[in-house]
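# missing the sequence, but the structure's below:
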């Protein structure tokens with residue numbers, strides 16, 4: 001149903017950019033450590049795959065996946081790229097403004113990161129206040145939360161773990177080295193997280209021996225398929241309402 005802007009000629013693109021268009025911008029890190037068993041581009045692969053499936057189902061115009069973003073927890077890991085948050089916000093704003101100036105009023109960001117979510121939400125509020133355009137931002141920690149809980153058995157996780165490794169096994173099994181999968185967990189401050197709920201935010205960096213938080217040894221391709229399609233289903237449900245919604249209806 002949708003279009004990938006990179007595949008269009010200028011003549012094909014022009015009539016698709018107007019006040020009724022919903023622009024999708026996928027963001028997933030293309031150079032960020034994911035342990036010794038997953039590729040540095042894991043976030044990119046997963047986000048790009050989700051964006052491709054979403055575009056097949058929804059009436060949107062999808063931009064190329066942005067491979068660089070704000071990932072401060074990984075700055076001490078070689079090869080990991082983090083764009084400082086003011087520059088990241090400004091860069092994404094420039095991308096979106098390229099379409100705002102031609103009348104586009106609705107955007108959807110497929111956010112493949114965790115640390116990226118806060119800056120993107122701040123940008124969304126700023127653009128809403130200053131330009132009366134809506135920028136919806138997905139939350140990677142919640143999109144498939146119910147499915148992850150149902151299929152995963154690790155006690156906790158969050159990076160290069162059972163869930164993320166499973167998704168890569170489904171997308172690009174040839175890039176996954178399961179013989180190097182590990183079980184290790186990031187420390188967290190006592191009483192900051194209670195029964196899986198964050199009560200107090202305490203900043204931290206990725207400090208485990210192999211750069212993993214969770215049990216990647218439990219990953220399977222079958223789990224990855226379920227998690228990925230749960231993410232796509234959740235976004236599709238939202239976009240079916242969002243694409244026909246008028247921004248002026250809610251202030």
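Nice, I can see it. Being a predicted model, the structure only gives us computed values, none of them experimental.
# chain center to the longest helix anywhere in the chain, what's the gap?
If you go by DSSP state H, the chain has its longest helix at helix 221-242. Distance, stretch centre to chain centre, for helix 221-242: 12 Å (CA atoms, centre = their mean, to the nearest Å).
# how about residue 224, what does it touch?
The contact partners of residue 224, taken as CB atoms under 8 Å, 6 or more residues apart in numbering, are 165, 166, 167, 168, 169, 170, 171. Where you see a C-beta, it was placed from the backbone N, CA and C, and this is true even at glycine.
# count of neighbours near residue 65?
Residue 65 has 24 neighbours, counted by other CB atoms under 10 Å.
# wouldn't it be in contact with residue 48 here?
Yes: between residue 65 and residue 48 a contact is recorded at 4.4 Å, counting by CB atoms under 8 Å.
# list the residues that contact both of those two?
Both residue 65 and residue 48 are contacted by 26, 28, under the criterion CB under 8 Å, 6+ apart.
# can you pick the most crowded of the contacts of residue 224?
Highest neighbour count within the contacts of residue 224, by other CB under 10 Å: residue 165, with 29 neighbours.
# and that one, that's in a strand?
No: going by DSSP: H, G, I helix; E, B strand; the rest coil, the assignment for residue 165 is helix, not a strand.
# give me the nearest residue to residue 232, chain neighbours excluded.
residue 53 (4.5 Å; CB to CB, 6 or more residues apart in numbering).
# and the strand or helix carrying that neighbour, what other elements does it pack with?
Applying DSSP states H and E as the criterion places residue 53 in helix 42-57. Packing partners of helix 42-57 (3 or more CB pairs under 8 Å, 6 or more residues apart in numbering; DSSP states H and E): strand 3-4, strand 22-27, strand 61-62, strand 106-111, helix 162-172, helix 221-242.
# what's the mean pLDDT across that helix?
Averaged over helix 42-57, pLDDT sits at 98.
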